[in-house]
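K.L.:
Predicted model and sequence below, questions to follow.
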Amino acid sequence: MKKSITIRNLLLISMLGMLLAGAFAVWKNFVSRSPEELFRSLPENIDIAFGEVDYTETRGERRLWRLQAARVAREARQQKVQLEDVRMTLYQQGELGNVHLTAYQGWWFPETGNVELMGEVHVRGDGGLELFCDQLFFDNKAELVFSESPVRLLAEGMETTGVGLEFSLLQRRVVILDQVHARFSGW
């Protein structure tokens, strides 16, 4: 009796092959590496990297700001920390309430406490004010937020665009620096 290859046999063989390929991929990607191998796999300028950071800056009993990031890599020689998927909160900003910032990436400078955010930066105050830009810098000592990129500021009944921005946390004042255009509705 001669056995012929049927569609059912071909299907069984292909399913077995896919199962073996999937098992090999899982095994190859989830094999644990030694600490030495992990260290050697870091880029040359990075001395430590880890999954998440949650840092709160305080002065005395007062919380000033909180910085969170999904991925972190520290560059010791340049004394800066690379951040990905960044969230930042500036606490108690008067009528703005707490101010929440998000960005795709950024840099944190632990020596000064300064933070630079880049990539679809979105700022939202509890009081309804919203800001959109590509780059934003927070000067911790001066308590100043500024940008040199094009900005879009939204508030109830107002949309303002321009280039560059300064937001003084001490004076609670926002200034758009150049090419200012404002559109009002409902006035």
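P.N.:
Great, that's in hand.
K.L.:
tell me the mean pLDDT for stretch 113-123?
P.N.:
Summarised as a single mean, pLDDT over stretch 113-123 is 89.
K.L.:
wait, stretch 134-145
P.N.:
89.
K.L.:
Repeat that for stretch 155-169.
P.N.:
Mean predicted confidence for stretch 155-169 is 89.
K.L.:
just stretch 22-42 next, same as before
P.N.:
63.
K.L.:
just the CA coordinates of the longest strand seen in the chain, formatted as CSV?
P.N.:
Longest strand of the chain, by residue count under DSSP state E: strand 62-75. Extracted in CSV, the C-alpha atoms of strand 62-75 (Å, rounded to 0.1, in the frame of the first residue of the first chain):
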residue,chain,number,x,y,z
ARG,A,62,7.1,71.8,49.6
ARG,A,63,6.9,69.5,46.5
LEU,A,64,8.1,71.5,43.5
TRP,A,65,7.9,69.1,40.6
ARG,A,66,7.8,65.4,39.8
LEU,A,67,9.6,63.7,36.8
GLN,A,68,8.6,60.2,35.5
ALA,A,69,10.0,58.3,32.5
ALA,A,70,9.4,54.8,31.1
ARG,A,71,13.1,54.3,30.1
VAL,A,72,16.2,56.0,31.4
ALA,A,73,19.9,55.9,30.5
ARG,A,74,22.6,57.9,32.3
GLU,A,75,25.6,59.5,30.6
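K.L.:
Rounded mean pLDDT for that strand, please.
P.N.:
81.
K.L.:
partners of it in the sheet?
P.N.:
If you go by DSSP bridges, strand 62-75 pairs up with strand 48-50 (antiparallel), strand 53-59 (antiparallel), strand 80-90 (antiparallel).
K.L.:
List the buried residues of it.
P.N.:
64-69, 72-74 (16 or more other C-beta atoms under 10 Å). Heads up, the C-betas are built off the backbone N, CA and C, glycines and all.
K.L.:
which residues touch the residue nearest to Tyr91 when sequence neighbours are not counted?
P.N.:
Counting by C-beta to C-beta, 6 or more residues apart in numbering, Tyr91 lies nearest to Arg63, which is 4.9 Å off, once chain neighbours are set aside. By C-beta atoms under 8 Å, 6 or more residues apart in numbering, the residues touching Arg63 are 56-57, 91.
K.L.:
So for those residues, which is the shakiest by pLDDT?
P.N.:
Ranking these by pLDDT puts Glu57 at the bottom, with 79.
K.L.:
quick one: it and Asn114, what's the gap?
P.N.:
Per C-beta to C-beta, to the nearest Å, Glu57 is found 11 Å from Asn114.
K.L.:
Kindly report the same for Leu67.
P.N.:
In terms of C-beta to C-beta, Leu67 sits 11 Å off from Asn114.
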